[in-house]
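> Below is the sequence, then the predicted model.
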Number of protein chains: 2
Amino acid sequence: MTPLQPSAVETPAVVIRMDAVRSNLRKMAEVARSNGVALRPHAKTHKLPELARLQLAFGAAGITVAKIAEAEVMAEGGVTDLFVAYPLVTDTKIERAMRLAARLDNLILGVDSLEGAARLSAAAGAAGRIQNVRLEIDTGLRRTGVGPDDAIGLAKRIAGLEHLRLTGIYTYRGAMLDGRPTRDLQAAGTEEGRMMAALAQAMRAEGLPIADVSVGSTPTAPFCAVVPGVTEIRPGTYIFHDRMQVALGVCGPQACAAHVEVTVVSRPAPDRIVIDGGSKTFATDVQPHQEPALLEGFGRIVEAPDAVFERMSEEHGVVRVAPHHPFRAGDRLRVVPNHICSTLNLHNHVYLLDASGIRKVPVAARGMLE
Amino acid sequence: MTPLQPSAVETPAVVIRMDAVRSNLRKMAEVARSNGVALRPHAKTHKLPELARLQLAFGAAGITVAKIAEAEVMAEGGVTDLFVAYPLVTDTKIERAMRLAARLDNLILGVDSLEGAARLSAAAGAAGRIQNVRLEIDTGLRRTGVGPDDAIGLAKRIAGLEHLRLTGIYTYRGAMLDGRPTRDLQAAGTEEGRMMAALAQAMRAEGLPIADVSVGSTPTAPFCAVVPGVTEIRPGTYIFHDRMQVALGVCGPQACAAHVEVTVVSRPAPDRIVIDGGSKTFATDVQPHQEPALLEGFGRIVEAPDAVFERMSEEHGVVRVAPHHPFRAGDRLRVVPNHICSTLNLHNHVYLLDASGIRKVPVAARGMLE
């Protein structure tokens, strides 16, 4: 691992090793290529147009985003093929999508209700265009999406809307099997891929021209990709990986391309150090001992993998260390967070570290919530 | 509560009712005034120079921040008396503090180690100034700070440093009693105030001229303020309050000045709605059923207080509703988050709602981590 010059960045800051990023991009591109499926990475992980362009350069067919605001930032940054994998249901957001569609090569929108689809069709008609949509399927996560049993009926009604073209179906469910979190990623990916491929077949049998069967997340994408009938995978975290992915067995620690550089600000007791990053620096959405990754603490300290990042307040990270650890106030440490997507989202900028040096880049789509 | 025009803001967005803010500021100012203590609110809650200036207009003696970067933003925004309640231990941050000190009426810095203090003294000497510092005391939270037993020895050595003036002691511990989270705020505040006042007396008896005894958080500040010997309180959350404060009995729901305005994007089942805010919109640092507030879910839905905000992924909020609730895709809801400080930190801007209208303001110190 390239050692950092302590003076290069003020802490706390996210530092990204671009050699590891390129290796991660290469591997997932090869998964897609060798299985004959499209790769449409989710940009919510990095929120950086520059990295989305790099994913495209490594063979991605397009980019996925979760919000119209993210799509706008990616379009501004030169991405021309975008899938908004989220239901747009209000007129203002739909209008923004129509304006965006006019400047892109391809915009695909997610739908999961007839009401939302009808609004979208009306807006597309007013804009004089046919809008590509994919129907979201709930394969067990129970958030948005229509259940497989209701999917064909809803798909028929959506396909009947004048200004929409229903091109496919998509789902997200992470590492899940039989409705529960699992560490058996192969079984999870296979089940996810098979459910969706079977549904697509059933829909086609009813006369629906389902072309796209889009599935998969970082842990399951390689196992989804091999299932016949799957046409696209949408991993996000794989660009950086994180401690959760290592715990799930998706990758080794060396694949973690992003860490948070911190400074020890206090060692008030032999068994405790305090670092200058808390819950405004590290995400808390993946809590310790949460299924399926069952992590201890909030991150891995690269310089002391046996230390336990036990607690956080907003700007303090409390780490339990062994008395023999030499750390003292002023020392630098690197922390691989449990969940990089929501951690990176807390930072206004990141540092890209390359053989040629280190470069500060704004996280352009960070906080683009509306 | 003033009803919002649905068209006024795109969702998800933080909306702040300024009438409630003013009421909250007035009450805490009266707590300080009637007890003869200074009020130095913590700006980490709002991160907005405009609101720090409002706190000063309501009688605050100065502002507290957690980071030198926050202090810089507040100084840029016209605040001239700042306390950085966090140990600065690296040369770069100390240099920034010295530059900041030169343009402020008063800058106070926190210290908790001799090493940090010595570095600070050297930098102050180089800058040709005497730097005011306060010693952080660990009163049970076990993050930064020196324990009461070691405080006098350390304080003597710090007071002996040539370019520092040790003006006081400070602590933070929230709602805690006998080392454990508690809901007995009066007992907690009394204990905190007495510990610190007694320590200050013991330090004075050893010849240390301790003037400032700075304590208290939103739940405990009113109870700390009445303890003889306490000279300053530093609440933060009180400007907005939040669901945690309501659960602790600190205030009623009407005192919650900030909510997140969201849109229902899906109602996939009669007992479930999905809103357009997840863990990138709502903080997850205060988890459900966590002591001492023991909250169910991640926020209170103003339009349906019996609904349970059960789960989040990054952009989805999953809310369990009763089948009779009328909510459908496109509806607006208001959510009072569990913890407003870390929630607001996720937003690039907020909307200030006043009798005169609604105004979009950047959260200037948001993400100012370094």
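Okay, I see it. The model shown is predicted, which means the values in this text are computed figures rather than measured ones.
> Hmm, A:His42 is touching A:Arg234, no?
Yes. Taking contacts as CB atoms under 8 Å, A:His42 lies within contact range of A:Arg234: 5.5 Å. Where C-beta positions appear, they are placed from N, C-alpha and C, glycine not excepted.
> Find the residues that touch each one of these two.
A:64, A:85 (CB atoms under 8 Å, 6 or more residues apart in numbering or on different chains).
> now the residue most central in space within chain A: how far from chain B?
Nearest to the mean C-alpha position of chain A, counting by CA atoms, centre = their mean, stands A:Gly236 at 3.1 Å. Shown here: A:Gly236 relative to chain B, a distance of 9 Å by CB to the nearest CB, to the nearest Å.
> what's the answer for A:Arg180, then?
A:Arg180 is 14 Å from chain B, by CB to the nearest CB.
> for A:Ala13, same thing?
Counting by CB to the nearest CB, the gap from A:Ala13 to chain B is 6 Å.
> Which residue is the nearest non-sequential neighbour of that residue?
A:Glu261 (5.2 Å; CB to CB, 6 or more residues apart in numbering or on different chains).
> try A:Ile137
Distances taken as CB to CB, 6+ apart place A:Thr171 nearest to A:Ile137, at 4.5 Å, with adjacent residues excluded.
> Just the pLDDT at that neighbour, thanks.
For A:Thr171, the pLDDT comes out at 98.
> wait, is A:Ala124 part of a helix?
Yes. Under the criterion used here (DSSP: H, G, I helix; E, B strand; the rest coil), A:Ala124 sits inside a helix.
> circling back to that earlier point, what kind of secondary structure is the residue nearest to A:Ala13 in?
A:Glu261 - assigned by three-state DSSP - is strand.
> A:Gly168 and A:Arg134 touch, don't they?
Yes. With contact defined as CB under 8 Å, A:Gly168 reaches A:Arg134; the gap is 4.5 Å.
> where do the contact lists of the two overlap?
Contacts common to A:Gly168 and A:Arg134, judged by CB under 8 Å, 6+ apart, are A:212, A:214.
> what pLDDT does the residue nearest to the centre of chain A get?
Value listed for A:Gly236 in the pLDDT field: 98.
> How about it, nearest residue that isn't a chain neighbour?
Nearest to A:Gly236 is A:His42, by CB to CB, 6+ apart, at 3.2 Å.
> measure that neighbour to A:Asn132 for me?
18 Å (CB to CB, to the nearest Å).
> more neighbours, the two?
A:His42 (27 against 19; other CB atoms under 10 Å in any protein chain shown).
> Tell me what that one is bridged to.
In this entry, A:His42 is beta-bridged to A:Thr64, by DSSP bridges.
> Please report how far it lies from A:Gly59.
16 Å.
> Residue numbers of the stretch 101-250 of chain A in contact with chain B?
Proximity of the stretch 101-250 of chain A to chain B, by CB under 8 Å from any CB of the partner chain, involves residues A:112-113, A:115-116, A:138, A:141-147.
> Can you point out the buried residues in whichever helix in chain A runs longest?
In chain A, taking DSSP state H as the definition, the longest helix is helix A:185-205. Residues of helix A:185-205 classed as buried by neighbour count (16 or more other CB atoms under 10 Å in any protein chain shown): A:185, A:188-197, A:199-200, A:203.
> just how off-centre is the helix or strand A:Ala75 falls within within its chain?
Element membership of A:Ala75 [criterion: DSSP states H and E] is helix A:68-76. With CA atoms, centre = their mean, to the nearest Å as the basis, helix A:68-76 stands 15 Å off its chain's centre.
> so who does A:Gly140 touch?
A:173, A:176, A:179.
> which residues does the last one contact?
It refers to A:Gly179. A:Gly179 touches A:Gly140, counting by CB under 8 Å, 6+ apart.
> Tell me which stretches of the stretch 201-350 of chain A form strands.
A:212-215, A:232-233, A:258-269, A:272-275, A:299-301, A:308-312, A:317-320, A:332-337, A:349-354 (DSSP state E, counting those that start in this stretch).
> circling back: quick check: the residue nearest to A:Ile137 vs A:Gly193, distance?
From A:Thr171 to A:Gly193 the distance is 10 Å (CB to CB).
> Common neighbours of those two, please.
Joint contacts of A:Thr171 and A:Gly193 (CB under 8 Å, 6+ apart) are A:Val215.
> Could you list the low-pLDDT ranges of chain A?
Along chain A, segments meeting pLDDT under 70 span A:1-7.
> Apply 50 and report the result again.
A:1-4, A:6 (pLDDT under 50).
> Which residues are in contact with A:Lys47?
So A:Lys47 contacts A:70, A:73, A:344-345, A:363-366, A:368 (CB under 8 Å, 6+ apart).
> what's around the residue nearest to A:Ala13, how many residues?
Using other CB under 10 Å: A:Glu261 sits among 23 other residues.
> residue ranges of the helices in the stretch 51-200 of chain A, please?
A:68-76, A:91-103, A:114-126, A:148-159, A:185-205 (DSSP state H, counting those that start in this stretch).
> next one: the last one to chain centre, how far?
Right, the one you point to is helix A:185-205. With CA atoms, centre = their mean, you get 21 Å for helix A:185-205.
> And for A:Gly317, the neighbour number?
With other CB under 10 Å as criterion, A:Gly317 counts 30.
> bridging residues for the residue lying closest to it once chain neighbours are set aside?
Distance criterion CB to CB, 6+ apart; nearest residue to A:Gly317, sequence neighbours excluded, is A:Ile275 at 4.2 Å. Note on A:Ile275: beta-bridge partners A:Val264, A:Gly317, judged by DSSP bridges.
> My guess is A:Ile275 contacts A:Val262. True?
Yes. Counting by CB under 8 Å, A:Ile275 does reach A:Val262; the two are 4.2 Å apart.
> I'd guessed A:Ile16 sits against A:Leu352; true?
Yes. Contact criterion CB under 8 Å: A:Ile16 and A:Leu352 qualify, at 5.3 Å.
> A:Glu232 reaches A:Asp212, doesn't it?
Yes. Counting by CB under 8 Å, A:Glu232 touches A:Asp212, with 5.8 Å between them.
> Of those two, which one has the most company?
Higher neighbour count among A:Glu232 and A:Asp212: A:Glu232, with 25 against 19, using other CB under 10 Å.
> so what's the more buried one bridging to?
What pairs with A:Glu232, by the bridge criterion (DSSP bridges), is A:Ala38, A:Ser214.
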